[in-house]
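[1] turn this into a model:
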Amino acid sequence: MRFENEDMESGVFVETANRIITLFGTISEENCSQIVHSLHVMDCENNDPITFIINSQGGCPEQALAVASTIRILDSEVNTHAVGSC
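    Numbers count the residues shown, from 1 in each chain. The predicted structure is shown next:
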């Protein structure tokens with residue numbers, strides 16, 4: 001699998017072609033911005049479902065709420081999958 005946007009430091013991997021966003025690690029202001037941006041970009045492209053895979057033990061509650069709010073307002077369906085130590 002090839003990720004178009006791979007940021008090892010933030011733990012966010014985005015595969016635009018297959019509409020997959022993966023988060024490994026705690027949610028932070030930095031990776032929240034990247035996730036929210038990627039969700040909006042995919043939603044603007046078309047309304048096919050988006051897959052969001054989360055492997056996180058937590059992080060900043062405000063940033064998590066920003067991601068959750070974004071998911072709620074999108075036209076695209078977002079399928080979330082919690083894996084690992086969530």
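[2] what separates whichever strand or helix holds residue 54 from the chain centre, distance-wise?
    Counting by DSSP states H and E, the element that carries residue 54 is strand 50-55. Taking CA atoms, centre = their mean, to the nearest Å, one finds strand 50-55 lying 6 Å from the centre of the chain it belongs to.
[3] check stretch 33-50 too.
    With CA atoms, centre = their mean, you get 9 Å for stretch 33-50.
[4] what does stretch 76-86 give?
    Worked out by CA atoms, centre = their mean, stretch 76-86 lies 9 Å from the chain centre.
[5] buried set for that stretch?
    76, 78 (16 or more other CB atoms under 10 Å). Using the backbone N, CA and C atoms, a C-beta is placed for each residue, glycine as well.
[6] mind listing residues that contact that stretch?
    Residues outside stretch 76-86 that contact it (CB atoms under 8 Å, 6 or more residues apart in numbering) are 19, 39, 42-43, 46-57, 71.
[7] try 10 Å this time
    19-22, 24, 39-40, 42-58, 67-68, 70-72 (CB atoms under 10 Å, 6 or more residues apart in numbering).
[8] now swap in stretch 46-54 and tell me
    Taking CB under 10 Å, 6+ apart as the rule, stretch 46-54 contacts 13, 15, 18-24, 27, 35, 38-39, 42-43, 64, 67, 71, 74-84, 86.
[9] recalculate using a threshold of 8 Å.
    18-23, 35, 39, 42-43, 71, 74-83, 86.
[10] by mean pLDDT, flag the weakest helix or strand of the protein.
    strand 5-7 (a mean of 52; mean pLDDT, DSSP states H and E).
[11] helix or strand right after that one?
    Strand 5-7 is succeeded, C-terminally, by strand 12-15 (DSSP H and E).
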